[in-house]
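1. okay, here's the prediction I keep looking at, along with the sequence it came from:
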Amino acid sequence: MRESPLALQMGPFKVSPMGFGTWSWGNQFLWGYKESMDPELQEVFNLVVSSGINLFDTADSYGTGRLNGRSEQLLGQFIEEYPGSGRVRNNVRVATKLAPYPWRLTTKQWVDACKASLARTRQEKLALGQLHWSTANYAPPQERVLWDALVALYDQGLVEAVGVSNYGPKQLQKIHSYLEKRGVPLAAVQVQYSLLSCGPLQQDIKATCDDLGVTLIAYSPLALGLLTGSYSLEPGSRPLPGAPRGALFRSILPGAAPLLSLLREIAERRGKTPSQVAVNWCICQGTVPIPGAKDLRQAKENLGALGWRLSGGEVDALSEAADRVPRTMGTVPIPGAKDLQQAKENLGALPAREGGSERGCGHSSHGGVYTKSSA
C-alpha cells in the first residue's frame with residue numbers, strides 16, 4: 001500500500017506520513033556534530049524535501065554551547081537555499097519547540113522567544129509552535145504562563161498551530177481544555193515513541209490524542225539508534241557510541257535481543273532494513289515519526305520506511321516482542337542545557353515512579369507508569 005505524499009492532517013495543514021527531526025544538528029555532546037557536516041546536511045535536506053517530506057521538527061534549545069540555536073539556523077538556511085521548485089520549498093512546515101527556561105516567566109518573553117526562532121528559521125510564521133516540556137511537576141506557577149504563551153503566539157499570528165511535547169495524558173487533557181476555551185486548537189503532541197518506548201504511558205497518550213483529535217509526533221522512533229540493528233554486545237561487533245548513549249545501550253541490549261532479532265527477520269523478508277521496519281511500525285501505530293539523519297546514507301535509509309506497510313500480523317508480533325523487553329528507553333526526555341543552572345532545572349523535571357509495570361506496547365494496558373503530568 002502506497003502512502004499519499006501528504007497523507008495526514010495536522011491542525012490546519014497536511015504533513016507527510018513521516019517527518020524529519022533535527023536534534024542532531026548542532027549537538028556535539030550527544031551526536032558529535034561538526035560544522036564541517038553542514039554541506040552534507042544541506043544535501044540531506046534537499047533529498048528528503050524532494051522526496052516528499054515536508055515536516056521538520058527543531059527546537060530553540062537544540063545545539064550545544066556556543067552552537068545553541070544552531071539547528072534552527074541551519075534549517076532556515078537550508079530552506080532558503082533549497083534548489084528545487086518554490087512550490088515545494090513553500091510547502092515545508094517548520095515545527096519548533098520553545099524551552100520553558102526558568103527565566104521565561106511572562107507571555108512577552110515567550111513571544112520574544114518565538115520571534116527569535118522565526119528569525120533563525122527565516123520564517124514569517126511557524127507551522128507549529130510547541131512547548132518543549134511541562135513544568136507542572138517542578139514549577140507549577142510557570143506552567144500556566146506556558147499555556148497563556150501558546151494563546152499569545154496563536155493570537156498574534158506567529159504560529160499556524162500550537163502543540164506540546166513531553167506531556168502526560170492528564171496534563172494533556174487539561175491544556176487542551178484550557179486552549180479550547182480560548183479558541184486555540186491543539187494540533188500535535190510530541191513524545192518519545194518507538195518499539196522501545198511504547199508502554200502504558202505512551203498508549204494512554206495515544207488514546208488521549210485520538211479522543212481529542214490531536215496528532216501524535218513520535219520522536220526518537222529508532223531509540224537513539226538502538227533499533228537500527230547496528231549495535232550488539234557480542235565480541236567483534238560495532239563499538240557502542242560514547243556516553244550517554246553507550247551506557248543506555250549497554251543496559252538495554254541484553255534484554256532487547258529477541259526484539260532486534262525479529263526486526264532483522266522481518267526486514268530480511270521484506271527487503272528492508274531494521275531501521276525501516278522500526279519506523280514503519282510507528283507509522284502503522286497512527287503516529288508521525290520524525291527520525292533524524294546526520295548524512296545522506298541515513299537519510300536514504302529513513303526514506304525507505306515510506307511507500308509500504310507492515311502487515312497486521314507483523315505489527316502485532318513486533319508489539320508483543322517489545323512487551324517482553326525488560327528494560328526500555330523509559331519516558332524521560334533529554335532537553336538541552338547551555339549551563340549548569342539549566343541542567344539542574346531540567347533534572348527537576350524528572351518523573352517519579354508510581355509503581356506497576358511498564359508493559360503494554362501497542363496494547364491498552366493501564367498499569368502504573370512513569371508520568372510527567374500532574375494529578
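-> Okay, I see it. Numbers count the residues shown, from 1 in each chain.

2. next one: the longest helix along the chain to chain centre, how far?
-> Determined from DSSP state H, the single longest helix within the chain is helix 245-270. Taking Cα atoms, centre = their mean, to the nearest Å, one finds the center of helix 245-270 at 20 Å from the center of the full chain.

3. that helix - contacts with which helices or strands?
-> If you count contacts as 3 or more Cβ pairs under 8 Å, 6 or more residues apart in numbering; DSSP states H and E, helix 245-270 packs onto helix 274-284, helix 312-323. Heads up, the C-betas are built off the backbone N, CA and C, glycines and all.

4. of those helices, which approaches residue 199 most closely?
-> Nearest to residue 199, of all the helices and strands packed on helix 245-270, is helix 312-323, at 8.5 Å by Cβ to Cβ.

5. which elements pack onto that closest one?
-> In terms of contacts (3+ Cβ pairs under 8 Å, 6+ apart), helix 312-323 is packed against helix 245-270, helix 274-284.

6. which one of the ones you listed lies nearest to residue 317?
-> Taking the helices and strands packed on helix 312-323 one by one with Cβ to Cβ, helix 245-270 is closest: 6.4 Å.

7. pLDDT on the closest one, on average?
-> Mean per-residue pLDDT for helix 245-270: 94.

8. do stretch 317-324 as well
-> 97.

9. ranking the helices and strands packed on helix 312-323 by burial, who's on top?
-> Burial of those is given as mean neighbour count (mean count of other Cβ atoms under 10 Å); helix 274-284 ranks first at a mean of 25.

10. how about residues contacting that helix?
-> With contacts defined as Cβ atoms under 8 Å, 6 or more residues apart in numbering, helix 274-284 is touched by 3, 17-18, 193-195, 218, 221-223, 227-229, 260, 263-264, 266-267, 270, 272, 289, 291, 301-302, 304-306, 308-310, 315, 318-319.

11. pretty sure residue 249 is touching residue 242, no?
-> No. Residue 249 is beyond contact range of residue 242, at 10.6 Å (criterion: Cβ atoms under 8 Å).

12. beta partners for the residue nearest to the spatial centre of the chain?
-> Closest to where the C-alpha atoms of the chain average out (Cα atoms, centre = their mean) is residue 219, at 2.2 Å. Beta-bridge partners of residue 219, counted by DSSP bridges, are residue 192.

13. about what we covered before: now distance to residue 36 too, for the helices and strands packed on helix 312-323, in TSV please.
-> Formatted as TSV, the helices and strands packed on helix 312-323 follow (distance: least, Cβ to Cβ, whole Å):
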stretch	distance to residue 36
helix 245-270	21
helix 274-284	25
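
14. of all those helices, which one comes closest to residue 168?
-> When those are compared by Cβ to Cβ, helix 274-284 sits nearest residue 168, at 19.4 Å.

15. following that closest one, which helix or strand shows up next?
-> Later in the chain than helix 274-284, the nearest helix or strand by DSSP states H and E is strand 288-289.

16. other residues contacting that next one?
-> Around strand 288-289, the neighbours that count as contacts under Cβ under 8 Å, 6+ apart are 8, 10, 15-19, 55, 188, 193, 215-218, 221, 279, 282-283, 305.

17. quick one: which of those sit in helices?
-> Those of the contacts of strand 288-289 mapping onto helices are 279, 282-283, per DSSP H.

18. pipe those into JSON lines and attach distance to residue 60 and pLDDT per row.
-> Output for the ones in helices among the contacts of strand 288-289, formatted as JSON lines (distance: Cβ to Cβ, whole Å; pLDDT from 0 to 100):
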{"residue": "279", "distance to residue 60": "26", "pLDDT": "98"}
{"residue": "282", "distance to residue 60": "25", "pLDDT": "98"}
{"residue": "283", "distance to residue 60": "28", "pLDDT": "97"}
